[in-house]
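*Asks:* need a 3D model of the sequence below.
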Amino acid sequence: MSEPTRKDSAGPLPELPADWRLLLIDKGMKLLAFAGLPGLAGAKPARGLDLADYLADEGLDLAEVGELLVCLEDMPADCELRLRLGNPSLSVVARGFADSNGVSCVVLRPRADEEAERALPAAWAWASWTIRSLGLRVGNPAEAPVHILVVDQNPEVVAYCRTLSRKLGCRSTGAGSGGEALARIKARAYDLVIVDSMIPGMGASALASIISERSKKDWGRSPLWAVMSPHERFESDASAHVLEKPLAMSDLKGAVKLARDFRIQALAATQEGEELAVLNLDIWQEDQALLKRLTKALVAQGMELRLRLSENPSYPDSVDFMKDLTSLKNGCDILHAYRLAEACKDLLDVSQDAQSRRMLARLDRLLVEIEGFRLYAAGRGLLRD
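*Replies:* Numbering: from 1, shown residues only. You can find the predicted model right below:
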């Protein structure tokens, strides 16, 4: 393997082969950030350059570049796309990132051996860090595109539904069977699942029940369930949102609106929880001096953890992060800083698995709570001498 490099255009780069190139692109296929070699032409790619132009300058065939762009456009978030382009062969791996408004990371590498596969998580860590540092993660759930899973054994029906969904600004994925649908929901969270009432195997109702259960376990929320039926009613389950088949644009538009509202309610319920207090001040009425000392120490600890997260994209996967997070939670428990303690606990619950799909969302919540606690303490004069 080549010598590693740490040079990039957006932030610290984890240990990666020096002959790799990482390209962060938006949904319009424009470069947002990059890392690694500048390219065969020797010119450093400018931010905002078209991905197609950059790859063409690399000497890749335009037909192959077009194939890659089509795949990237339809690629679901949190799924990996793999292609080989050019002669000699260039291995391409791409991945979309949820709640980032269509941002993807494209990895260009000269080979795809076992050692190269082990380095991929570091590339995704760089991309996640860069997305956060550039402020590309969508903060308002109402503005994020609705993600739809269409389950029908007829590929023409799936293609038609996906075409309608794109016209509404949604992201969509198709599945031809219940088993394929269950595999799809492991890759990302969906807001709306549309199932054909005549899907063979386990049936629409059973499939929807399993999808809801697994989505809640993996992603913390269930999607809205809709069933396509040639009849106005779906007799098997009164809770289903019925879409008449063939699907009409007006019906899909209504289902998308319901799915967006359903998502906002689910996320709000998760974030609000029991409306925990930032800090229990009542128990410190007789010892304000100690309260200030402990508050300053906790703020310093939180800001140090936040700094390490910003400087090192691999830090969340390290043993040191687990130790620092546990120490921060212990400090919160001593001080009775309930909201920050809860954010630490939620992250500790998923940090045992570095590949947890919910870790990034909980990590973002932790950063919000750290800043929220600092502002709360400053506003009440707890950081002044």
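*Asks:* could you pull out the strands for the stretch 51-200 of the chain?
*Replies:* 80-85, 90-96, 104-109, 147-151, 171-175, 192-196 (DSSP state E, counting those that start in this stretch).
*Asks:* can you redo those as TSV with mean pLDDT, mean neighbour count and distance to G36?
*Replies:* (Glycine included, C-beta is placed from N, CA and C.) Converted to TSV, the strands of the stretch 51-200 of the chain look like this (pLDDT from 0 to 100; neighbours: other Cβ atoms under 10 Å; distance: least, Cβ to Cβ, whole Å):
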stretch	mean pLDDT	mean neighbour count	distance to G36
strand 80-85	82	14	16
strand 90-96	87	20	13
strand 104-109	88	24	8
strand 147-151	93	26	30
strand 171-175	91	22	28
strand 192-196	93	25	38
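*Asks:* can these go into TSV with extra columns for distance to A181?
*Replies:* TSV is the format used below for the strands of the stretch 51-200 of the chain (distance: least, Cβ to Cβ, whole Å):
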stretch	distance to A181
strand 80-85	19
strand 90-96	19
strand 104-109	23
strand 147-151	5
strand 171-175	4
strand 192-196	7
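*Asks:* which stretch among the ones you listed comes nearest S314?
*Replies:* Closest approach to S314 among these (Cβ to Cβ): strand 104-109, 15.2 Å.
*Asks:* name the residues that touch that closest one?
*Replies:* Residues from elsewhere that reach strand 104-109, judged by Cβ atoms under 8 Å, 6 or more residues apart in numbering: 17, 19-25, 36, 51, 72, 75, 90-97, 116, 120, 123-124, 126-127.
*Asks:* and that strand, which strands flank it?
*Replies:* Sheet pairing of strand 104-109 (DSSP bridges) gives strand 21-25 (antiparallel), strand 90-96 (antiparallel).
*Asks:* looking at the ones you listed, which is closest to K167?
*Replies:* strand 90-96 (20.0 Å).
*Asks:* ok, back up a step: right, and the strands of the stretch 51-200 of the chain - which one's nearest L298?
*Replies:* Smallest distance to L298 across the strands of the stretch 51-200 of the chain (Cβ to Cβ): 34.7 Å, for strand 104-109.
*Asks:* quick one: least confident helix or strand in this protein?
*Replies:* The helix or strand of the chain with the poorest confidence is strand 4-5; it has a mean of 36 (mean pLDDT, DSSP states H and E).
*Asks:* so for this protein, the centremost residue is which one?
*Replies:* The chain has A98 as the residue nearest its centroid, 3.1 Å off, counting by Cα atoms, centre = their mean.
*Asks:* tell me the pLDDT of A123.
*Replies:* What the model reports as pLDDT for A123 is 87.
*Asks:* for D8, same thing?
*Replies:* 39.
*Asks:* show me what contacts the residue located most distally from the centre of the chain?
*Replies:* In the chain, counting by Cα atoms, centre = their mean, E286 sits farthest out from the average C-alpha position, at 45.1 Å. Contacts for E286 (Cβ under 8 Å, 6+ apart) come out as none.
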